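Chemist: structure of the sequence below:
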Amino acid sequence: MKPFLGIDRTTDKNNETLNGEKFLVQKPSPALSEALERSQEAFEETIDQSKLPLGLRIGKAACGVVGAAVVLGIAKAILEDEEITLSTVYRNASWLIWLGVACLVVYVILEILSKRKEKEMLSADESQQTLDDMDRIHDSIFAELAVPPDAKEVDILNFFYKVKNGEIKVQENSAVIAPYFNPIVRIFADSENLYLANMDGKYAFPLSGLKAITTVKKKIRVESWNKDDDLDSEKYRQYKLTTDEYDCFYCKSYHILELDLSGEQWGIWFPCYELPAFEQLTGLTATENT
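Modeler: Numbering: from 1, shown residues only. The predicted structure follows:
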C-alpha cells in the first residue's frame, strides 16, 4: 500500500518526492503560486525575527531538560525509597536541588521573553499585513480550485519511509523533529470523488475506490499542533493527546483510509482526531487493524 503524500526512501535515501501526484486534478495558476511564494518568504522572515537568538533558544532547551531531569530524579528516588525525603536529598546533595531550581527559573524567564517577543512581532502592523496578504492568497487559491467555502480543514499524516519485506517502515530521521508531519488540507466530496485540497492543488479520489478505514493502535509522535483549540480542550480531550518539550504531540492511534484504484493499493494516513470528518464524507466506519 502506497501512503498518499508519503516519501519513499527505499532506493533513494535523499528522495523528497511526495507520493500521489497521479491524484492531482488541478493546480493553482502560476500567478497565484508566485504570489503565495512571495508571501511565504515574507512570513518566514517575520517568524525568524520573532524568535530569541539561537544561543538563548539552545540555553532554554538545555535548562528545561536539566530542570525536568532533576525534579523527576528526586521524585523517583523519594517514591521508591521510604527512607529518602526531600530534606535528606537536600542535606546530601543540596547543589543538585539548587541546580534544578536555577535551570527551571532560567527556563521560565526565557519562555516568558520568547512569548513576549513573539507576541510583539506578530502583532506589529507590518507582520499583520503579511498575515492578511497570505490569508487572501489562500482564499483566492481555494476559490480557484472550486473548494466549497464550508469545506472542513483536517490534518493528514505524511512521513519518510522504507519498504522492507513488503511492510512500510516509517523512518525515525534525526534530521527532523518528529517522524510524522501533519499538513492541513480541506476535505469535501461530490457524487463521484472525495477531494483533498491544499496550496499545491486539488486531489481527487474516486468514491468507488474507497474500501475501508483501518484503525492502527500505535502511539505516534507528530511534529506540531496546528488547531485553534488546544489539544486538551473539550473538543479534543477524548483523544488523550499529550505534548513534549519540543512542542511535538503524541496520538495513541491513527487511521488509514484504504483505496483500491485499478488494482493499485493506496492509503491516506490521518490522526485519530480527524476520524469523524473522514467517516462522515466517505460513509465508512473505522475498524481496528488485526
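
Chemist: what sits up against the helix or strand in which Val185 is found?
Modeler: Following DSSP states H and E, one finds Val185 within strand 184-189. Strand 184-189 is contacted by residues 142, 147-148, 151-156, 194-198, 207, 226, 277-278, 281-282 when judged by CB atoms under 8 Å, 6 or more residues apart in numbering. (C-beta placed from N, C-alpha, C; glycine too.)

Chemist: and the helix or strand following it, what does it pack onto?
Modeler: Using DSSP H and E, the next helix or strand after strand 184-189 towards the C-terminus is strand 193-198. When contacts are defined as 3 or more CB pairs under 8 Å, 6 or more residues apart in numbering; DSSP states H and E, strand 193-198 sits against strand 184-189, strand 201-206.

Chemist: export these to a markdown table and append columns for mean pLDDT, mean neighbour count and distance to Cys251.
Modeler: Shown next, in a markdown table, are the helices and strands packed on strand 193-198 (pLDDT from 0 to 100; neighbours: other CB atoms under 10 Å; distance: least, CB to CB, whole Å):
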| stretch | mean pLDDT | mean neighbour count | distance to Cys251 |
| --- | --- | --- | --- |
| strand 184-189 | 97 | 19 | 16 |
| strand 201-206 | 97 | 20 | 23 |
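
Chemist: report the distance from the strand or helix carrying Ile109 to the chain centre.
Modeler: Assigned by DSSP H and E, Ile109 belongs to helix 86-123. When distances are taken as CA atoms, centre = their mean, to the nearest Å, helix 86-123 is centred 27 Å away from the chain's centroid.

Chemist: buried ones in that helix?
Modeler: For helix 86-123, burial by neighbour count (16 or more other CB atoms under 10 Å) applies to 89, 100, 103-104, 106-107, 110, 114, 121.

Chemist: got it, and stretch 13-23?
Modeler: Of all the residues in stretch 13-23, those buried under the rule 16+ other CB under 10 Å are 18-20, 23.

Chemist: repeat that for stretch 149-161.
Modeler: Residues 151, 154-161 are the ones in stretch 149-161 that count as buried (16+ other CB under 10 Å).

Chemist: out of the helices and strands packed on strand 193-198, which gets nearest to Thr11?
Modeler: strand 201-206 (24.6 Å; CB to CB).

Chemist: show me what that closest one is packed up against.
Modeler: Applying 3+ CB pairs under 8 Å, 6+ apart, one finds that strand 201-206 makes contact with strand 24-26, strand 193-198, strand 254-261.

Chemist: residues contacting the last one, please?
Modeler: Identification of contacts with strand 254-261 by CB under 8 Å, 6+ apart yields 1, 157, 205-206, 209-216, 218, 220, 265-272, 274-275, 278, 282, 284, 286.

Chemist: quick check: mean pLDDT of it?
Modeler: Mean per-residue pLDDT for strand 254-261: 95.

Chemist: great, nothing more from me.
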